[in-house]
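>>> build the 3D model from these lines:
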Amino acid sequence: MSGGLGPLPWGYVRRFGRVVFRQQQWKSTVSTHPKMPPCDFVPEKYKSYPYERIQKIREQNISPSLRMYYKKPLLLHQGHMQWLFDYEGRRYLDLFAGIVTVSVGHCHPKVTVATQKQLARLWHTTNIYMHPSIHEYAEKLASLFPDPLKVIYLTNSGSEANDLAMFMARLHTHNFDIISFRGSYHGGSPYTLGLTSIGPYKHGVANGFGCSTTMLPDVFRGPWGGRHCRDSPVQTLRKCSCSKGVCHANNQYIEQFKDTLNTSVPKTIAGFIAEPIQVQTGFGRTGSHFWGFQTHDVVPDIVTLAKGIGNGFPMAAVVTTKEIANSLAQNLHFNTFGGSPLACVVGAAVLDAIEEDGLQKNSRDVGTYMLLELAKLRDKFEIVGDVRGKGLMIGVEMVTDKHSRHPLPAEEINQIWEDCKDMGVLLGRGGLYNQTFRIKPPMCITKKDVDFAVEVFHTALQRHMERAAK
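This next block holds a predicted model:
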């Protein structure tokens, strides 16, 4: 453990500079491997380059900025719904879904069939011509938005969509400055890097002029809020001055936003951009609503979509009002690949799969179940500081102890992460200090999968405590 005290032989709690030892001693009760749920899918035999050659090509020919997960990086070969298979046929439960892009499942049959049919018919023409799929998809996507959000621009990535949204806001308002939350991620392009507020993404070169940040309402790590302040099945354990159903912290964070308006930007701004929850929230993943902004009872002027929009296919969109769209139409704006026949068919098939497979309801039911199960681990382990989320978008923040909320050291988080992978569960990582496990699986995941994943995580945490006790 950290703090200069050396390894501690028991679970512990730091209080006011002292260490209070619990009576419970950690015993070796860890099973070798939790049992993985059955899967009747059989992957094809891997026939490509050997692992060592793949690794060498990666080192010599692929940008070193594209960092890989795990000490021994995974060489993945095939996917089926919530499962991934490596080159040796090992199966993994994917709880990160290609950084939250695989919404309905890897190689979902409905999406795959629709894509194959379009591949044989027409790949690409550019949107200077009409073709049925862009119009069918635009109508279907627009029907899911409230008025007046009915005009759609199709792009190739989330960064491009946010870039275009910034441009549209500036054109329409004739102002320049844009505000985002601290800790947010809005893309890695030179334009959007000004909105992205996470240190490791900053490269020390000029970018994103006219972008300012304001304080994120964080009821676990921020200065205000606590156990009565979340719209979530699981609340933080942090003490709170708010009464149930009345969040006083809300007003404090609003005052901070007003302070930003009064000190950091001109009197008029082009826009304020925010993730409804500081991760990807669309396409039914929150469970309660189809779009994250609907949970806040607001209708934005512009909405950007990416990640789950194409189930892993590279596409994104900007949805706005006719009035704002007309501001961009005063001059030429063109995107060669945005809205290709293939992309639009994929996007439409994803929307169909979400509806036909009941994936929004599944996100609500299975996601709530998982949140509550993970909250039990938070209550059991001192290093699990916070469990938060809604639907199938969950964060588990790791700390040295719940009182200080100091991030758990990277080497300790890494080992827990590696143990989960070795037992067959793939987790994401995030947070300002990379201290939060990100759990955003394909929305087809089942409660049996959740039981397995929670058991794996529980086992990894127990192993961590045993290592600390030696």
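
>>> may I ask which helix or strand of this protein has the lowest mean pLDDT?
strand 10-15 (a mean of 30; mean pLDDT, DSSP states H and E).

>>> quick one: the helices in this protein, in order.
51-61, 97-100, 109-119, 132-142, 158-173, 249-263, 322-328, 341-356, 359-380, 410-422, 447-469 (DSSP state H).

>>> those helices into JSON lines, with extra columns for mean pLDDT?
Formatted as JSON lines, the helices of the chain follow (pLDDT from 0 to 100):
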{"stretch": "helix 51-61", "mean pLDDT": "96"}
{"stretch": "helix 97-100", "mean pLDDT": "95"}
{"stretch": "helix 109-119", "mean pLDDT": "97"}
{"stretch": "helix 132-142", "mean pLDDT": "97"}
{"stretch": "helix 158-173", "mean pLDDT": "97"}
{"stretch": "helix 249-263", "mean pLDDT": "95"}
{"stretch": "helix 322-328", "mean pLDDT": "96"}
{"stretch": "helix 341-356", "mean pLDDT": "98"}
{"stretch": "helix 359-380", "mean pLDDT": "98"}
{"stretch": "helix 410-422", "mean pLDDT": "97"}
{"stretch": "helix 447-469", "mean pLDDT": "97"}
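
>>> out of these, which comes closest to G310?
Closest approach to G310 among those is made by helix 341-356 (5.0 Å; CB to CB). Quick note: C-beta positions are derived from backbone N, CA and C, even for glycine.

>>> the closest one packs against which elements?
In terms of contacts (3 or more CB pairs under 8 Å, 6 or more residues apart in numbering; DSSP states H and E), helix 341-356 is packed against helix 109-119, helix 132-142.

>>> would you list the ones you listed in a markdown table and tack on distance to M168 and mean neighbour count?
As requested, those are exported to a markdown table (distance: least, CB to CB, whole Å; neighbours: other CB atoms under 10 Å):
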| stretch | distance to M168 | mean neighbour count |
| --- | --- | --- |
| helix 109-119 | 29 | 16 |
| helix 132-142 | 17 | 17 |
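
>>> to V303, which of the helices of the chain lies closest?
Nearest of the helices of the chain (CB to CB): helix 158-173, 8.3 Å.

>>> got TSV for the helices and strands packed on helix 341-356, with distance to K258 too?
What follows is these, written out as TSV (distance: least, CB to CB, whole Å):
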stretch	distance to K258
helix 109-119	45
helix 132-142	34
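
>>> out of those, which is closest to Y92?
The minimum distance between Y92 and the helices and strands packed on helix 341-356 falls on helix 109-119, with 20.1 Å, by CB to CB.

>>> packing partners for that closest one?
helix 341-356.

>>> re earlier: redo the helices of the chain as JSON lines? Include distance to H80.
Converted to JSON lines, those look like this (distance: least, CB to CB, whole Å):
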{"stretch": "helix 51-61", "distance to H80": "21"}
{"stretch": "helix 97-100", "distance to H80": "13"}
{"stretch": "helix 109-119", "distance to H80": "10"}
{"stretch": "helix 132-142", "distance to H80": "25"}
{"stretch": "helix 158-173", "distance to H80": "26"}
{"stretch": "helix 249-263", "distance to H80": "43"}
{"stretch": "helix 322-328", "distance to H80": "40"}
{"stretch": "helix 341-356", "distance to H80": "14"}
{"stretch": "helix 359-380", "distance to H80": "16"}
{"stretch": "helix 410-422", "distance to H80": "19"}
{"stretch": "helix 447-469", "distance to H80": "13"}
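
>>> okay, now the nearest residue to G245 once chain neighbours are set aside: neighbour count?
Of all residues not flanking G245 in the chain, H228 sits nearest, at 7.5 Å (CB to CB, 6 or more residues apart in numbering). By the criterion of other CB atoms under 10 Å, H228 has 19 neighbours.

>>> do F257 as well
Neighbours of F257 under the rule other CB under 10 Å: 15.

>>> can you pull the contacts of it?
Residues near F257 by CB atoms under 8 Å, 6 or more residues apart in numbering: I179, T214, M215.

>>> quick check: the last one vs E412, distance?
Going back to what we said before, that points to M215. M215 is 29 Å from E412, where distance means CB to CB, to the nearest Å.

>>> go on, C229?
29 Å.

>>> which one's more surrounded, these two?
Using other CB under 10 Å, the more surrounded residue of C229 and E412 is C229, with 25 against 19.

>>> if we can go back for a sec, the residue nearest to G245 and N250: what is the separation?
From H228 to N250 the distance is 11 Å (CB to CB).

>>> what does Q435 give?
In terms of CB to CB, Q435 sits 25 Å off from N250.

>>> what about the two, which has more around it?
Using other CB under 10 Å as the criterion, Q435 and N250 rank with Q435 on top: 22 against 15.

>>> residue contacts, that one?
E397, M398, V399, P407, L408, I413.

>>> ok, what's across the strand from the first one?
According to DSSP bridges, D386, T436 are recorded as the beta-bridge partners of E397.

>>> residues near A410, how many?
Around A410 sit 13 other residues, with neighbours defined as other CB under 10 Å.

>>> hmm, who's touching stretch 226-240?
Contacts of stretch 226-240 (CB under 8 Å, 6+ apart): 219-220, 225, 241-247, 249-250, 295, 368, 371-372, 374-375, 378-379, 386-390, 402.

>>> got the buried residues for it?
The neighbour-count criterion (16 or more other CB atoms under 10 Å) identifies G226, H228, C229, R230, S232, P233, V234, Q235, T236, L237, R238, C240 as the buried residues of stretch 226-240.

>>> TSV please, covering these and showing distance to V104.
Formatted as TSV, the buried residues of stretch 226-240 follow (distance: CB to CB, whole Å):
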residue	distance to V104
G226	36
H228	35
C229	32
R230	27
S232	24
P233	23
V234	25
Q235	30
T236	31
L237	34
R238	35
C240	37
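
>>> V42: how many residues sit nearby?
Counted with other CB under 10 Å, the neighbours of V42 add up to 10.

>>> how much space separates it from K447?
Counting by CB to CB - V42 and K447 are separated by 24 Å.

>>> any quick ChimeraX command for the buried ones out of the contacts of stretch 226-240?
Buried subset of the contacts of stretch 226-240, written as a ChimeraX selection, criterion 16+ other CB under 10 Å:
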select :219,220,225,242,247,249,295,368,371,374,375,378,386,387,388,389,390,402
